[in-house]
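In: Here is a sequence with its predicted model. Questions after.
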Amino acid sequence: MIGNIAMVINQGYIGVSMFFVLSGFLIYYNYADQVSFKISWFLSYFRNRIVRIYPLFFIIAVLNMWLIGERSPEIWVFNLTFLSGFTEPWSSTWRLPQAWSLPVEECFYILAPFIFFLRRKRNVSLVVMTLVFYGLGYLTYLAFFPWVETSTSLWYFRFHTFFGRAGDFLIGVYVAELYMNGKLSFGRFKLSYWGAAGILLSLFLLAMFGGNTTELGLAVSMWFVPPATGLFIYGLATEDTYIGRILATRVSVFLGRASFAFYLLQQGVFHSFLIIEGWRDILSRFLAIQIVAALAFTLVEDPIHRLLRSKSKV
């Protein structure tokens, strides 16, 4: 029984897909009406995006590499510039393995203004854009990185690059469009509950199929989790439900704001320290990391974010 529960918990990486969908929703909602192809706008936009992610990542990445005694200048450069995330061979240079999603996120930030322009001004289908991104990415890998033909490298392309994960973000964009246009009304049919059920079902299916390293598991992760997350987000934005009330509490909001710090601390030196010190139970490690993440957000991330934002008009 405990082993089965652990298998389900180990599929928690679907949180990355959920975050990608949420990111697509929020960036479209906040910026789609503001896009301007002026240098000043792009500078403000990218400054805002960098301020959101990079300062805390830089601090934790530097601390991790310093504490493990990393001496290779190449490793330092690849980690701090996100280059570690762009090909499978380079991924071995990560010293924060979970940070693979940050280059994917940054690629979306860079392309988002152009995606919004094509969608709003040229009415280009989001499905078409998803297929184009996937096709261009795959052809690029074949041209410049021929080892993508191996099964593990193909998996890396599909799961760990923006081109393979573009659909996650674009589902979030579509949900934001629906929300902003006010097109959907389902009465007592609560989308947030159905979305939550789909997410939970995804966890069990992934545990059953052996995770996302199998074809069936990858299919669930890429094509089932994002739509379920989209339903969940739309439901939260439009419905009054118990789930929405819980997530709107001060504690939930705070934990959500500290989630990036938790994400950066879930692997690395601190996590290894907990294991070495005998924290074998996954729940105790989770709570310890959550406490340190809350402190990191309160004492480091939020003050830096406020300071840097105060110097910008974004």
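Out: Good, I have the coordinates.
In: Where does Gly164 sit, in terms of helix or strand?
Out: According to DSSP states H and E, Gly164 maps onto helix 162-181.
In: Return the list of helices and strands in contact with that helix.
Out: Where contact means 3 or more Cβ pairs under 8 Å, 6 or more residues apart in numbering; DSSP states H and E, helix 162-181 is packed against helix 14-31, helix 101-121, helix 126-144, helix 151-160, helix 215-223, helix 225-238. Where you see a C-beta, it was placed from the backbone N, CA and C, and this is true even at glycine.
In: rerun that using 7 Å as the cut-off
Out: Where contact means 3 or more Cβ pairs under 7 Å, 6 or more residues apart in numbering; DSSP states H and E, helix 162-181 is packed against helix 14-31, helix 101-121, helix 126-144, helix 225-238.
In: which residues sit against the second one?
Out: Okay, so that is helix 101-121. 16, 23, 27-28, 31-32, 35, 45, 49, 53, 57, 82, 85-86, 124, 126, 129, 161-162, 165, 169, 173 (Cβ atoms under 7 Å, 6 or more residues apart in numbering).
In: now Phe163: how far from Val173?
Out: To Val173, Phe163 is 16 Å away according to Cβ to Cβ, to the nearest Å.
In: okay, those two: which has more neighbours?
Out: Val173 (25 against 20; other Cβ atoms under 10 Å).
In: contacting residues for that one?
Out: Going by Cβ under 7 Å, 6+ apart, the list of residues near Val173 reads 24, 28, 115, 126.
In: and if you look at Tyr45?
Out: Tyr45 makes contact with 31, 113, according to Cβ under 7 Å, 6+ apart.
In: which SSE is it in?
Out: Element membership for Tyr45 (DSSP H and E) is helix 39-67.
In: after that helix, next one along is what?
Out: Taking DSSP H and E, what comes next after helix 39-67 is helix 73-80.
In: neighbouring contacts of that next one?
Out: By Cβ under 7 Å, 6+ apart, helix 73-80 touches 58, 61, 65, 70, 84, 90, 93-95.
In: picking up where we left off before, check the helices and strands packed on helix 162-181 for me and report the most buried one.
Out: Among these, helix 225-238 has the highest mean neighbour count (mean count of other Cβ atoms under 10 Å), at a mean of 22.
In: and it, C-alpha only, in PDB?
Out: Only the C-alpha atoms of helix 225-238 are listed here, as PDB (Å, rounded to 0.1, in the frame of the first residue of the first chain):
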ATOM      1  CA  VAL A 225      -2.300  16.700 -17.900                       C
ATOM      2  CA  PRO A 226      -2.300  20.100 -19.700                       C
ATOM      3  CA  PRO A 227      -6.000  20.000 -20.800                       C
ATOM      4  CA  ALA A 228      -7.000  18.900 -17.300                       C
ATOM      5  CA  THR A 229      -5.000  21.700 -15.900                       C
ATOM      6  CA  GLY A 230      -6.700  24.100 -18.300                       C
ATOM      7  CA  LEU A 231     -10.100  23.000 -17.100                       C
ATOM      8  CA  PHE A 232      -9.000  23.400 -13.500                       C
ATOM      9  CA  ILE A 233      -7.600  26.900 -14.000                       C
ATOM     10  CA  TYR A 234     -10.700  28.100 -16.000                       C
ATOM     11  CA  GLY A 235     -12.900  26.700 -13.200                       C
ATOM     12  CA  LEU A 236     -11.000  28.500 -10.500                       C
ATOM     13  CA  ALA A 237     -11.200  31.700 -12.400                       C
ATOM     14  CA  THR A 238     -15.000  31.500 -13.000                       C
END
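In: Can you check what angle separates it from helix 215-223?
Out: 30 degrees (axes from the mean of the first three to the mean of the last three Cα atoms, to 10 degrees).
In: what is the orientation angle of helix 225-238 with helix 162-181?
Out: Using the same axes, to 10 degrees: helix 225-238 against helix 162-181 is 20 degrees.
In: relative orientation of helix 225-238 and helix 14-31 in degrees?
Out: Computed by the same axes, to 10 degrees, the angle between helix 225-238 and helix 14-31 is 50 degrees.
In: Quick one: list the elements packing against helix 225-238.
Out: In terms of contacts (3+ Cβ pairs under 7 Å, 6+ apart), helix 225-238 is packed against helix 14-31, helix 162-181, helix 191-209.
In: Please produce a markdown table containing those, extended by mean pLDDT and distance to Arg250.
Out: Formatted as a markdown table, the helices and strands packed on helix 225-238 follow (pLDDT from 0 to 100; distance: least, Cβ to Cβ, whole Å):
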| stretch | mean pLDDT | distance to Arg250 |
| --- | --- | --- |
| helix 14-31 | 96 | 20 |
| helix 162-181 | 95 | 24 |
| helix 191-209 | 93 | 20 |
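In: Take those and write them to TSV, including distance to Leu265.
Out: Converted to TSV, these look like this (distance: least, Cβ to Cβ, whole Å):
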stretch	distance to Leu265
helix 14-31	14
helix 162-181	23
helix 191-209	22
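In: Any idea which of the ones you listed gets closest to Phe297?
Out: helix 14-31 (16.0 Å; Cβ to Cβ).
In: Perfect, I'm done here.
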